[in-house]
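> Here's my sequence, what's the structure:
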Amino acid sequence: MIKKIGIIHGMEDSFPTAFIDRINSKNIDGIVAERVLIDKVIQGEPGEFAVILDRISHDAPFYRSYLKNLAISGTAVMNNPFWWSADEKFFNNALAVKLGIPVPNTVLLPSHELPPNTKSHSFRNLKYPLDWETIFKYIGFPAYMKPHDGGGWKGVYKVDTMEDFFEKYAETGTDVNILQSEVTFDYYFRCYCLGQKYVHIMYYEPRNAAHLRYTWNGPEASAELLETVRVYTLALNQALGYDFNTVEWAVKDGIPYAIDFCNPAPDAEKVSVGEENFEWVVEHAALMAIERAMAHKEGQDNLSWGTYVHHSVNGIAHNRATQPIFNPGVSS
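Have a look, this model is predicted:
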């Protein structure tokens, strides 16, 4: 029986093409990869793919609904479209706190303007004004404000004073934001995590222009620090249940702080990440997809559900600072 692996994507080209070619080049009996092509979507009908790697549904609601429809009939969609639909950065930070993983001080802010189809009475449970004094004391300045569910450095503001904050907050419209303490870092890493077991740590300089961010001219990190980053990266992804994600770490005084770890369709284009990183992510994405296809069980739930969800279903308490809910496993 043929197990088909598909990829659904948008404008990116180098990664999807390389992903398909890499899987097919391995010549594994019963495994074939190709692009997904959709001509109809009928409720409850299974699709032809055992596995689909999703690179675009966060920007295209039609694809998200299509993938959910396949998932309930057994397709292993990576990442899980149900969890991805529910996840956002502020929750991720709260989960990291429960895992005992360092994160910057962070607060959630309501949108500056009323969302569509709401009126002021819709927010009678929100106290005005907010307790800005406590918020600013907890966060400090400078700080960063960004959408609680955004990505790609869109809508990110650095704020240096209270006055600067209110001026920029007024520009954010209906976005719900988080406000986060600045971490003045000695090292910064961006880490691919695939299949909740493969980790690739990349030096990263977010202050550089986009095409130079994977260029690092600072000192090499210690083996101990890199191992801590690896284990923390696995902990977050195993708790969240992501098959394909990146985690960003700002390291200050030897402590890695998780800065951004809700990137389920992270950049993987060769021109952006460079040849070496591109080769790693293509190879390990192919291995992950092949492993999922070979483990696929027809007509059953083949999605990844993180330990947070599993423990919730089983009624297990979530404060894991002293009782880890992850298994670091082995990376390559």
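> Now do the helices in the chain.
In the chain, the segments counted as helices under DSSP state H are 14-25, 61-71, 81-86, 89-99, 132-139, 162-169, 223-240, 270-273, 275-295, 307-313.
> At which residues are the strands of the stretch 101-250 of the chain located?
106-109, 143-147, 157-159, 177-181, 187-194, 198-203, 244-252 (DSSP state E, counting those that start in this stretch).
> for Pro46, what are its contacts?
Leu70, Ser73, Gly74, Thr75, Gly299 (C-beta atoms under 8 Å, 6 or more residues apart in numbering). Backbone N, C-alpha and C define where each C-beta goes, glycine included.
> and what of Pro104?
Gln180, Ser181, Glu182, Val183, Ala250, Tyr257, Ile259.
> so which of those residues would you say is closest to Ile5?
Closest approach between the contacts of Pro104 and Ile5, by C-beta to C-beta: Ile259, at 31.9 Å.
> any low-confidence regions in the protein?
Scanning the chain for pLDDT under 70 picks out the ranges 152-153, 316-332.
> Which parts of it belong to which domain?
3-81, 88-103+184-263+302-332, 105-181 (automatic domain parsing).
> What residues are bridge-paired with the nearest residue to Phe185 once chain neighbours are set aside?
Leaving aside its chain neighbours, Phe185 sits nearest to Ala250 (3.9 Å; criterion: C-beta to C-beta, 6 or more residues apart in numbering). Residues in a beta bridge with Ala250, per DSSP bridges, are Tyr188, Tyr257.
> ok, and for stretch 181-198, which residues are buried?
Along stretch 181-198, these residues count as buried under the neighbour rule (16 or more other C-beta atoms under 10 Å): 181-183, 185, 187-198.
> cool, and stretch 209-226?
So, applying 16+ other C-beta under 10 Å, buried residues of stretch 209-226: Arg213, Tyr214, Trp216, Ala221, Leu225, Leu226.
> The first one and Trp280, how far apart?
Taken as C-beta to C-beta, to the nearest Å, the spacing of Arg213 relative to Trp280 amounts to 17 Å.
> likewise the last one?
Using C-beta to C-beta, one gets 15 Å for the distance from Leu226 to Trp280.
> coming back round to it: can you give me the neighbour number for the residue nearest to Phe185?
Close neighbours of Ala250, defined as other C-beta atoms under 10 Å, add up to 22.
> I'd assumed Arg190 was in contact with it.
No: look at Ala250 against Arg190 with C-beta atoms under 8 Å: they stay out of range, at 10.6 Å.
> thinking again about what came up before, would you tell me which of the domains of the chain gets closest to Glu269?
That would be domain 3-81 among the domains of the chain, by C-beta to C-beta, at 5.3 Å.
> and the end-to-end length of the closest one?
End-to-end distance for domain 3-81, by C-alpha to C-alpha, to the nearest Å: 20 Å.
> repeat for stretch 4-23
Stretch 4-23: ends 11 Å apart by C-alpha to C-alpha.
> cool, and stretch 202-222?
14 Å.
> which residues touch that stretch?
186-192, 248, 251, 271-274, 277.
> ok so, going back, adding distance to Gln238 as columns, could you present the strands of the stretch 101-250 of the chain in JSON lines?
As requested, the strands of the stretch 101-250 of the chain are exported to JSON lines (distance: least, C-beta to C-beta, whole Å):
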{"stretch": "strand 106-109", "distance to Gln238": "22"}
{"stretch": "strand 143-147", "distance to Gln238": "25"}
{"stretch": "strand 157-159", "distance to Gln238": "32"}
{"stretch": "strand 177-181", "distance to Gln238": "23"}
{"stretch": "strand 187-194", "distance to Gln238": "9"}
{"stretch": "strand 198-203", "distance to Gln238": "11"}
{"stretch": "strand 244-252", "distance to Gln238": "11"}
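> Quick one, which of those strands gets closest to Thr134.
strand 106-109 (9.2 Å).
> Pull the closest one out as CSV, backbone CA atoms only.
The C-alpha trace of strand 106-109 is given here as CSV (Å, rounded to 0.1, in the frame of the first residue of the first chain):
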residue,chain,number,x,y,z
THR,A,106,5.2,39.4,30.1
VAL,A,107,1.6,40.8,30.4
LEU,A,108,-1.4,40.6,28.1
LEU,A,109,-2.9,43.9,26.8
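> Just the C-alpha atoms of stretch 176-194, please, in CSV.
Below are the C-alpha coordinates for stretch 176-194, written out as CSV (Å, rounded to 0.1, in the frame of the first residue of the first chain):
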residue,chain,number,x,y,z
VAL,A,176,-4.3,42.2,21.2
ASN,A,177,-0.7,42.6,22.3
ILE,A,178,1.8,41.4,24.9
LEU,A,179,4.2,43.7,26.6
GLN,A,180,7.5,42.0,27.5
SER,A,181,10.6,42.9,29.4
GLU,A,182,13.8,43.4,27.3
VAL,A,183,16.5,40.8,27.7
THR,A,184,19.9,42.3,26.9
PHE,A,185,21.5,39.2,25.6
ASP,A,186,25.0,37.7,25.4
TYR,A,187,23.9,35.0,22.9
TYR,A,188,20.8,34.6,20.8
PHE,A,189,19.8,31.3,19.3
ARG,A,190,17.1,30.2,16.9
CYS,A,191,16.3,26.5,17.1
TYR,A,192,14.5,24.3,14.7
CYS,A,193,12.6,21.5,16.4
LEU,A,194,11.2,18.7,14.3
